[in-house]
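Enquirer: 3D model of this:
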Amino acid sequence: MSNLLSPHAPFQPFWRGKNPGVNEFSTLLSLLNTPAVILEPRQNHLFAANPEFLKLTAFSMNELSQVELKNLFPDLSRYEMIQPGEHQTRLNRHMREPLEVVIKPTALDPGGSWFLLSITPLNIAQQNSENLEWLEKYNQTMQNLFTLISQPDSTSCLSQMLDIGLVLTQARFLCVYQYNPLIQQYEKSASTENTDLPIFPDIISASTLPVDSDPEIWVPGKRVLHEFHRIARVGNLPYIGVSFLRQESVHLGILIIADSQGQPSPYLEKVLDLLSDSFSSALYHHVLVQNLNQTLAQHHKAQIVREMAIQNTLEGILIVRKDLTIESLNPAAEMMLGYGESEVIGFPLENIIVGTDSLIPALKAALDGIPTHNLGNISLHRRNGQTFLGHIQTIPVMADDGLLAILVIIQDISENELIRVRTQQLEQRALLGEVTAIFAHEVRNPVNNISTGLQLLQMNTSPDDPQQETINRLQHDCNRLTHLMESVLSFSRPMEYKMDPVDLGMLLQRFLERWRPRFSKANVQAYFQMEPDCMWAIGDARALEQVFTNLVNNAVQAMKTGGVLAVKMANRQMSRGSSPEIEVTVSDNGPGIPDEIREHIFEPFVTNNPQGTGLGLAITKRIINAHRGSISVNSFPGGTVFHVCLPACKPNGGVDS
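Expert: Numbers count the residues shown, from 1 in each chain. Sure, this is the predicted structure:
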């Protein structure tokens, strides 16, 4: 049988000679004062055990030789026992309760044929680990004592003070008070007390304490000299250490060390003295740094507020030197004038702000400390030659030693003017739409009456009557007017849609199937293509059908002598984090859209079809916008492609991740 331990195992076996025997193992085990056994991984029983292991398990050697490994260590297999490291498991004992232990294997030969298992009760292993951790923590704490000054702030310093004090004094309670000279009181800054049941007060008056005393340890029986002694006596504390923290004759605070159990260490007074010196130096350093940082923070905050106001205001701000050259300008000024800041620094202001003769007199007045808050509405020029309407102010920045700089503030009021004109246009359009809707509604009834009358005339006139042609022409015009009025009403009335998941692929297939007779009559070959795993659209099915009715109808009308109509549907390639979309393209090989109307194709009453109303694509775009989608067109001689993008979801309404 091959060895269970690989030749590349991380053990470092110490047995280098011939294979050991019982005598060697007995000698080895007798040297150990902790429970240990010898294990041969190929066997089901322990090979040997030392007296400490027999004492731990209450087995005799003869009894132990009869116990199988799986009964002795029920939670570990033989293979798991010899794996490197420590393993926590259960050890069954003779006529006693099972015991939680930690085992550690050691290979005794290079081939891994023999292993020494050291067994330690779990509580002892934990105690050993805790002792080792405490020693490491103690060494680290002594190092941290010299790093208090390097802490980033006083809060971190106070927290580390408590950690260091707890380790070095082994006390339960540590408090650090800081002195507030404004009210001559000591305020508790950090403490290890229970916050719900504190022992020491949050504030104590400096007049009740002898600040010139040395660090001291008070125990019951000694004279009560101040408030902290009284607190210790009332609280039945076995001891309390008090040290006043001072640095260069400056009162900084108080360090309190106390406990509710046990007696003070004989070294506590020396430790208190050490902590007092270290804490005093650290607190003094952080008080100085804190005061300096507060002053710097106030100046920095004010500077940030000023910079943020300048950088984010909509008004252009230029800082001009006393020689009337530009020192800096904010992003708004860059946008208004078309210059980058690095391009204009050091240039005369009059070379950059062009379009007014009143700027130079205002700048000369600013040199004398006189502000000009209103130069009037002036037509200014951008870098590219465009003009815009602006409002300019010049404000001198004065100090005790005279003029520092001149602020030139420019407000672009052209956008306000455009908004005013646009608002007026929208109001006019709204009124026109309202009038158009009323007009269409009122005209539709007379047109219907005329159409009905024409139908009666047609019925009462013989088919051979020459007036039949006139009646048919008038009937055609009435139908056209009726269609126009319905389109106008549809465009002008508010639209309300019920948004639901829609199987757009199925909708388009059924729609195209209904159009097959008309395609055949118009000599149009229609094709539909849908990529696999297409998502569903989110929208109103009837409104979406109207969209594709308008697009397909326009395509068929454009191909007057026949052609090819292609409808394609695919998931749209999306950027990460964006909402899913589905894209439908409707393309034809007609003559294309003329250049002069291509940019206005979605506007009302724009069409190149003499029989059309010019409202179909306007209604289509309104529907798409209401669905939070988009529609665009690419047209060229020999073809037109409409792209419709709609919000999408997983089939049956699931949300795509």
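Enquirer: For stretch 469-477, buried residues please.
Expert: For stretch 469-477, the neighbour count (16 or more other CB atoms under 10 Å) marks 471, 474-475 as buried. For glycine as for every other residue, the C-beta is placed from the backbone atoms N, C-alpha and C.
Enquirer: Let me know the closest of these to L148.
Expert: Q475 (101.3 Å; CB to CB).
Enquirer: Quick check: which element contains the closest one?
Expert: Q475 is part of helix 467-492, with elements assigned from DSSP states H and E.
Enquirer: and after that helix, which helix or strand comes next?
Expert: strand 500-502.
Enquirer: Tell me the helices and strands packed up against that next one.
Expert: Counting contacts by 3 or more CB pairs under 8 Å, 6 or more residues apart in numbering; DSSP states H and E, strand 500-502 packs against strand 536-539, helix 541-558.
Enquirer: relative to helix 541-558, how tilted is the helix or strand following that strand?
Expert: Note on strand 500-502: by DSSP H and E, the next helix or strand toward the C-terminus is helix 504-514. Put simply, helix 504-514 runs at 50 degrees to helix 541-558, going by axes from the mean of the first three to the mean of the last three CA atoms, to 10 degrees.
Enquirer: what mean pLDDT would you report for helix 504-514?
Expert: For helix 504-514, the mean per-residue pLDDT is 92.
Enquirer: which of the residues in the next helix or strand after it are buried?
Expert: As assigned by DSSP H and E, the chain's next helix or strand after helix 504-514 is helix 516-521. Across helix 516-521, burial judged by 16+ other CB under 10 Å covers F519.
Enquirer: chain center to helix 516-521: distance?
Expert: How far helix 516-521 lies from its chain's middle: 55 Å, per CA atoms, centre = their mean, to the nearest Å.
Enquirer: Hmm, V408 and I353 touching each other?
Expert: Yes: with contact defined as CB atoms under 8 Å, I353 counts as touching V408 (7.3 Å).
Enquirer: where do the contact lists of those two overlap?
Expert: Common contacts of I353 and V408, defined by CB atoms under 8 Å, 6 or more residues apart in numbering, comprise 318, 392.
Enquirer: what about the two, which has more around it?
Expert: Using other CB atoms under 10 Å, the more surrounded residue of I353 and V408 is V408, with 27 against 23.
Enquirer: quick one: low-confidence parts of the stretch 351-500 of the chain?
Expert: Within the stretch 351-500 of the chain, the segments meeting pLDDT under 70 span 417, 425-445, 447-448, 480, 483-495.
Enquirer: Can you give me the domain assignment for the chain?
Expert: With domains defined by automatic domain parsing, the chain comprises 22-129, 148-291, 313-412, 417-492, 500-653.
Enquirer: quick one: the residue lying closest to T141 once chain neighbours are set aside from T372, how far?
Expert: Using CB to CB, 6 or more residues apart in numbering and skipping the chain neighbours, the partner closest in space to T141 is V167 (4.2 Å). Using CB to CB, to the nearest Å, V167 is found at 70 Å from T372.
Enquirer: okay, the buried residues of stretch 469-477 in JSON lines with distance to I103 next?
Expert: Listed next are those as JSON lines, based on distance: CB to CB, whole Å:
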{"residue": "I471", "distance to I103": "111"}
{"residue": "L474", "distance to I103": "108"}
{"residue": "Q475", "distance to I103": "105"}
